[in-house]
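1. Sequence first, predicted coordinates after that:
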Amino acid sequence: MAKPKIYWKKPRKVNTLSASSDDQNSSSLGQLWLYYSYGGESRFEYYTGYRIEEKYFNAKYWDSVSKKPIKNNFIYSIQYNSVLSEMKSFIVSLVVEDKIFDLATLKEKMDSEFKGKLTPDQIKDKSKPDFIEYIEQVIEERKSGKRTLTNGNRKGLMYSPATFKIMGSTLLCLKNYKEHYKLKRIEFQDINLDFYGKLRHFEIEIRKNNLNTFSTRIKDIKSFMNEALYDKVTTHDGHKSKRFIKPDEESDTIALTMEQIKAIKDAELPDSLSRIRDLFLVGCYSGLRFSDYNDFEKIEIDGKFIRLTQQKTNSKVTIPIMKDLLPILEKYNSNMPKPMGNGYFNKKVKELIAHKNVGIDYVYDLNENKDPIMLSEKVTSHTGRRSYATNMFKLGVPALLIMSATGHQKEASFLRYIKATNEEKAVLLAEQMKRLDI
């Protein structure tokens, strides 16, 4: 007696001259049939009620016990494979245990057991929000203050404006993901390891984003799913799998040395790069984020210190003014240079670093095609802040004092943030040991 198997039947040919658009769109779908040969010439053939495109069907899934009829890249593969497995077990039990061999009776039993069940996509309650719609609702409630922070040192306070940009990027990513995979909805139960793998592929291989960007997306998704569980919008917790992780990768962003920064400061440049240079040097000499020093109206400068509330963390910081920063502030009447858009700045700062009069550009790395990647291509608005932290650390300033200026809350995060090699850290330790005479 053979095992029951699932087959994909090609759809009937549609007369494209007379068929409706719905018929033409569905012509790529095929029916899934259960075939079971249970003795002699008897073969039970049963339409399961499911239709999928041929590309999602494993034509010879029975060659391996680990394979399933429906491929994992089909959105409802888990649900479909589960029901198809139930069908195969049920028909075997009817023949082997109940000794039913009549084809008509078998069909009647199968219909009674399965035809009353809706397919997974029919089961979904479209009146309830899907995952994307829920995120949109949560973001709006966070903006209005209806939802506040639930942990950390700002627990109970409103989310800072800067965090909404990150949330918005995650929301846009999910919408692009849905469009790419031609999904109608992303349900809460879809947030599982299969989704994790597809999103990683989509972000890194298709969108060409780095691992840290993918990590941010996962961090947000886990946060929204936890909130959904708390709201009792869903009971699904696929995001809590030990493999549904926020990966950590050492950032490949760079830090400039004090000598390179001096070269930028002293170079003769055209007027078109003057304000770009001044803004960039503000970051190098203060450790401020671009979003903070580019919003000078919220900064207080009293001659010795810069005081502000950081946009990203909403924490207050006080930064001593470095002597090389004073001439820049005086140039703008004891204030910051006039702000500009981050995208425009990042474009122009690369031009600044590449300028021949600056003289610090060089081949920093090679891409996968062995083409050169110049230092100027790696520099962004964030390079100034990272350079400040790294150079202060290399000069022997205690990490906790630097953190008081940069606003870092955790020393472990700060030590991953700075760009100092193990050798440079060892030299600093040796110098400290020498000062302490140990």
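-> Structure's in. What do you need?

2. mind checking how far Leu269 is from His355?
-> Distance of Leu269 to His355, given as C-beta to C-beta, to the nearest Å: 6 Å. The way it works is simple: take the backbone N, C-alpha and C, and place the C-beta from them, glycine included.

3. more neighbours, those two?
-> Per other C-beta atoms under 10 Å, whichever of Leu269 and His355 has more neighbours is His355, with 19 against 15.

4. ok, that one - contacts?
-> 267, 269, 273 (C-beta atoms under 8 Å, 6 or more residues apart in numbering).

5. Quick check: pLDDT value at it.
-> His355 is assigned a predicted lDDT (pLDDT) of 96.

6. So it versus Lys378, what's the distance?
-> Distance from His355 to Lys378, by C-beta to C-beta: 16 Å.

7. wait, isn't His239 in contact with Lys219?
-> No: applying C-beta atoms under 8 Å, one finds His239 not in contact with Lys219, separated by 10.8 Å.

8. Quick check: mean pLDDT of the helix or strand hosting Ile52?
-> Ile52 belongs to strand 42-53 when elements are defined using DSSP states H and E. If you average the pLDDT over strand 42-53, you get 88.

9. Check the contact between Tyr80 and Lys71; I expect there is one.
-> No: using C-beta under 8 Å, Tyr80 makes no contact with Lys71, being 10.2 Å away.

10. Compare the two (neighbour count), which wins?
-> Remark: of Tyr80 and Lys71, Tyr80 carries more neighbours, 23 against 15, as counted by other C-beta under 10 Å.

11. what's near enough to touch the residue nearest to the more buried one when sequence neighbours are not counted?
-> Distances taken as C-beta to C-beta, 6 or more residues apart in numbering place Ile70 nearest to Tyr80, at 4.7 Å, with adjacent residues excluded. Contacts for Ile70 (C-beta under 8 Å, 6+ apart) come out as 52, 56-58, 76-77, 80-81, 84.

12. and Trp33, that's in a helix?
-> No: under DSSP: H, G, I helix; E, B strand; the rest coil, Trp33 falls outside any helix and is assigned strand.

13. Can you give me the domain boundaries for the chain?
-> Domain segmentation of the chain under automatic domain parsing yields 5-123, 131-240, 258-387.

14. right, and those - which one's nearest Lys246?
-> domain 131-240 (4.7 Å; C-beta to C-beta).

15. For Gln374, grab the count of nearby residues.
-> Not quite, residue 374 is Met, not Gln. Applying other C-beta under 10 Å, we find 15 residues neighbouring Met374.

16. Can you spell out which residues form a bridge with it?
-> Here Met374 sits in beta bridges with Val363, going by DSSP bridges.

17. And it, how far from Tyr38?
-> 70 Å.

18. In contact with Ser387, which residues?
-> Residues in contact with Ser387 (C-beta under 8 Å, 6+ apart) are 255-257, 261, 283-284.

19. Mind checking which of those are in helices?
-> 261, 283-284 (DSSP state H).

20. Kindly list the main-chain dihedrals of Lys370?
-> phi 70, psi 20 (degrees, to the nearest 10).

21. again, but for Ile306
-> Residue torsions, per degrees, to the nearest 10, at Ile306 are phi -110, psi 130.

22. Now it. Nearest residue, chain neighbours left out?
-> Once flanking residues are discounted, Ile306 sits nearest to Ile319: 4.5 Å by C-beta to C-beta, 6+ apart.

23. would you say that neighbour is within a strand?
-> Yes: Ile319 forms part of a strand when assessed by three-state DSSP.

24. Cys173: helix or strand, and which one exactly?
-> helix 161-180.

25. How about Ile221?
-> Here Ile221 is assigned to helix 211-230, by DSSP H and E.

26. from the chain's centre, how far out does that helix sit?
-> Relative to the chain's own centre, helix 211-230 is displaced by 8 Å; criterion: C-alpha atoms, centre = their mean, to the nearest Å.

27. Check stretch 333-350 too.
-> In terms of C-alpha atoms, centre = their mean, the centre of stretch 333-350 is set 27 Å apart from its chain centre.

28. Could I get the buried residue list for it?
-> Across stretch 333-350, burial judged by 16 or more other C-beta atoms under 10 Å covers 336-337, 339, 345, 348-350.

29. and for it, what are the contacting residues?
-> By C-beta under 8 Å, 6+ apart, stretch 333-350 touches 273, 275-276, 278-280, 282, 290-291, 293-296, 299, 301, 303, 328-329, 331-332, 376-377, 379-381, 383.

30. Now list the buried members of those residues.
-> Among the contacts of stretch 333-350, those buried by neighbour count (16+ other C-beta under 10 Å) are 273, 275-276, 278-280, 282, 290-291, 293-294, 296, 299, 301, 328-329, 376, 379-381, 383.

31. Okay then, goodbye and thanks.
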